[in-house]
Every structure is written in C-alpha cells, then in structure tokens.
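Q: heads up, no residue letters with this:
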C-alpha cells in the first residue's frame, strides 16, 4: 500500500510540476514596439518576415524548430548562404517553406499569406516592417484573419531590444523557460563585459570605423552605421564611432575614404559575408565568413579587400588593427558573439579571456540544441600571414 501511495504521490507531483510550467491561453504579451498582442491558443505555425531570424525559432523550439516554420523571406539564401545550407541540412522542410515578400518594400501579398496552408498563427517581423504594416493596416487585416503579428528587433537597437525580443516571442509561443534560459546566458556574458569596462573608467578611447557590407560591391566605400546595429557595441565599449559626427545623427550613411583616413581610425572592422548576387547568382567579393569554414576563400577575399589603396593609408592598417566579422550577426539573437569579437579587438588588454568562437558553439548547443562550428570573426592580418 505504501508503494502504491508513493507512486501516486510522485505521479501527482509530476503533473503539478508540468502544469506549473504550462502556458495559459488566452495570453497577452507586449512586443518591443509597445503593442499588446492577445493569443487565444498556443501558436503552432510560424512565419518569419526575415529568414535570418531563424535562430530565434531554434532558441524557442530547439530541434523542433523546422516543424513550426511554414513561411519566410528568401534573404537567408541570398545574404547568408552558408547559414541557409546548414539549416536546410538540419531541417529539410525549410526548403519547402512558402516564400513571402518584404513588407517594408510593399512586396508582401496579404491575401496569399492569409490563404496559406497551413495558415500561420504568428508572423514575426522587424521594426521597419512593423512601421509599414501598421501604417498600411496590414496588422489589423492579419489580426482579423486570426494571424498575430509580433515585432522582434536585433538590428536597430541591438543591445536594448534583443532580450525583450527573445523572451516575448518565447512566452507567446508557450516556451517561456527556453526564453529565460537565453536571457540568463546572454545577461551573464553581457554583464561581464559591462563590469570590466566599468572597472576601467580611465581606459583610453579608441576611434573605430565599421564598414558594413564590405565587399558586397568591391568598388563602393563606405557604408556604415552611426546608431544601432553593431555600432551599439562600439558605444558600449566606450570607444568612438568616427561616423557619429559626420553623419549628424543619421542612423546610417556613407563615409568617404578621406574622412576615414583623417579621423585617425585606430580599429577598422568590416562586416562581411559570402553573399550571392540575386541577379547573376554569382558570389560577391565579400569575405565568406560563416558556417562553411572555407579558409582559402576567406584568405583570398580578405587579401582582395585589404588591397584597397585608401584602406592601406589608414592608421588601423599601419597598426594591423583591421578585422572582419560575420555580418548576419547584426540581425540575430546571436549578436552577443559579435560583441565579444568587438571587445577583444577594441580592448585586447582587457578582454583576453573572451572566446567568441566558444560562445557561439555554446549558445547553439545549450540554447538551440544544435552542434555547429564556423569562422565568424578574423584578424585580417593574421589570415593573410597564415595563407602566405
């Protein structure tokens, strides 16, 4: 009798334990725009306004991420091909997901989306798309059709919005514990960097330039950000983004080579990837950082970009402080990895302990149930020295 009672007690305890973590619907969440979204049932089918946000679904669902994605844009295939390749191998259903247009560009077909089979329960979009969807009435239209729109942001206010974006989406999709696990990991690493900076108030400020999309077109120079995106990392690290004053508060813009040279740029960071040109289908002159680990191609493209005459004239080139980081991190919950690279490059004397490669592997394994390796950040001079 005692054995039966003990077994019954354990069983009841398990039920109570499970129900304590079960999500209750209907549920109302507030996304990063401040908009309240009410879900009357646990969502099953998810659409992504930006395919490069797929790591968000892997954080939320783990190995079941592919089962829940039913539609996405084609941006991962073109702008992050090595990411697309590895995810399609892991989740073959991604190759069959419905292709949707870009909302902010007016390319989204609402009627086709609403009539999709299976119909999405939730559409996750970025800030630019959210503004367009709100002003055109698209959000109300989708809501009336039973599709809820949640805004997540990893690019405009990178540090401020990443945690809220992940935890809000995880909660809405009934995976609050997984969202909390991400928050705990992210904050532990972020707070370490903040604490080290705070402990060195007299640290020398460095001039940093961030070239975004380096190599997308070889001849162009130099698109950059002066607010949001990875430029938030420069500010957090108490360094000076040399684009801030010339761009006069603009979120992004173009700097001339002459301005970069005369600004005495201490650290030059290129955001790059192995892009595919949509028109020709050919690879661009970007450095193919990412999951493919093609050392020779990375070395060849690094040498090509480093051969630009004006870059050779910068202070950063003379001191061998030119680096490259995997651009898709700018729109990913894994942006913490890029921040750690920036910390090592801008303040090597303070952040010798950081290991961004290990952080990326840990985040994928612990938070996304995914073993992964790749090359996501490089010292340009070290790469060239190894290949010579």
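A: Looks like it came in fine. Model, not experiment: these values are computed from the prediction.
Q: from here on, just use CA atoms for contacts and neighbour counts.
A: Will do.
Q: what about the strands in the stretch 101-250 of the chain?
A: Counting by DSSP state E, counting those that start in this stretch, the stretch 101-250 of the chain has these strands, from start to end: 122-125, 148-151, 207-211, 223-225, 240-241.
Q: parallel or antiparallel, which strands does the third one pair with?
A: The strands that strand 207-211 pairs with in its sheet are strand 240-241 (parallel), strand 267-272 (parallel) (by DSSP bridges).
Q: any weak-confidence spans in the stretch 251-388 of the chain?
A: By pLDDT under 70, the stretch 251-388 of the chain has no low-scoring segment.
Q: quick one: the strands in it?
A: Using DSSP E, counting those that start in this stretch, strands in the stretch 251-388 of the chain cover 252-254, 267-272, 322-326, 377-379.
Q: which other helices and strands does the first one contact?
A: By that I understand strand 252-254. With contacts defined as 3 or more Cα pairs under 8 Å, 6 or more residues apart in numbering; DSSP states H and E, strand 252-254 has these neighbours: strand 223-225.
Q: quick one: mean pLDDT for the strand it packs on?
A: Average pLDDT, strand 223-225: 94.
Q: check which helices and strands it is in contact with.
A: Strand 223-225 packs on strand 207-211, strand 252-254, going by 3+ Cα pairs under 8 Å, 6+ apart.
Q: mind listing residues that contact the first one?
A: By that I understand strand 207-211. 222-225, 231, 234, 239-243, 260, 263-271 (Cα atoms under 8 Å, 6 or more residues apart in numbering).
Q: cool, and stretch 282-296?
A: Residues contacting stretch 282-296 (Cα under 8 Å, 6+ apart): 80, 82-83, 86, 213-218, 272-277, 297-298, 301-302, 304, 325-326, 372-377, 387.
Q: now do the same end-to-end measure for it.
A: From its first residue to its last, stretch 282-296 covers 18 Å (Cα to Cα, to the nearest Å).
Q: any idea how far residue 32 lies from residue 169?
A: Separation of residue 32 from residue 169 (Cα to Cα): 10 Å.
Q: ok, back up a step: using JSON lines, lay out the strands of the stretch 251-388 of the chain together with distance to residue 39 and mean neighbour count.
A: As requested, the strands of the stretch 251-388 of the chain are arranged in JSON lines below (distance: least, Cα to Cα, whole Å; neighbours: other Cα atoms under 10 Å):
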{"stretch": "strand 252-254", "distance to residue 39": "36", "mean neighbour count": "17"}
{"stretch": "strand 267-272", "distance to residue 39": "38", "mean neighbour count": "25"}
{"stretch": "strand 322-326", "distance to residue 39": "35", "mean neighbour count": "25"}
{"stretch": "strand 377-379", "distance to residue 39": "40", "mean neighbour count": "20"}
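Q: make JSON lines from the ones you listed and add distance to residue 124 to it.
A: Formatted as JSON lines, the strands of the stretch 251-388 of the chain follow (distance: least, Cα to Cα, whole Å):
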{"stretch": "strand 252-254", "distance to residue 124": "24"}
{"stretch": "strand 267-272", "distance to residue 124": "25"}
{"stretch": "strand 322-326", "distance to residue 124": "23"}
{"stretch": "strand 377-379", "distance to residue 124": "28"}
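Q: these: which one's closest to residue 92?
A: strand 322-326 (24.1 Å; Cα to Cα).
Q: what helices or strands is that closest one leaning on?
A: strand 267-272, helix 335-346, strand 377-379, helix 380-387.
Q: for the residue nearest to the spatial centre of the chain, give its distance to residue 144.
A: Closest residue to the average C-alpha location of the chain: residue 332 at 1.2 Å, with Cα atoms, centre = their mean. Between residue 332 and residue 144 the computed distance is 30 Å (Cα to Cα).
Q: check contacts around the closest residue to residue 235 other than its chain neighbours.
A: With sequence-adjacent residues excluded and distances taken as Cα to Cα, 6 or more residues apart in numbering, residue 235 is closest to residue 241, at 7.3 Å. Residue 241 is in contact with 207, 208, 209, 210, 226, 231, 234, 235, counting by Cα under 8 Å, 6+ apart.
Q: start to end distance for stretch 225-234?
A: One end of stretch 225-234 to the other measures 11 Å (Cα to Cα).
Q: quick one: that stretch to chain centroid distance?
A: 13 Å (Cα atoms, centre = their mean, to the nearest Å).
Q: what's the burial count for residue 262?
A: By other Cα atoms under 10 Å, 11 other residues sit near residue 262.
Q: no, scratch that, I was asking about residue 369
A: Neighbour count for residue 369, taken as other Cα under 10 Å: 16.
Q: for the nearest residue to it once chain neighbours are set aside, give me the pLDDT.
A: Leaving aside its chain neighbours, residue 369 sits nearest to residue 62 (5.3 Å; criterion: Cα to Cα, 6+ apart). pLDDT for residue 62: 96.
Q: would you agree residue 62 is in contact with residue 365?
A: No: Residue 62 lies out of contact with residue 365 (Cα atoms under 8 Å); the separation is 9.4 Å.
Q: ok, those two, which is more surrounded?
A: More crowded of residue 62 and residue 365, by other Cα under 10 Å: residue 62, with 19 against 15.
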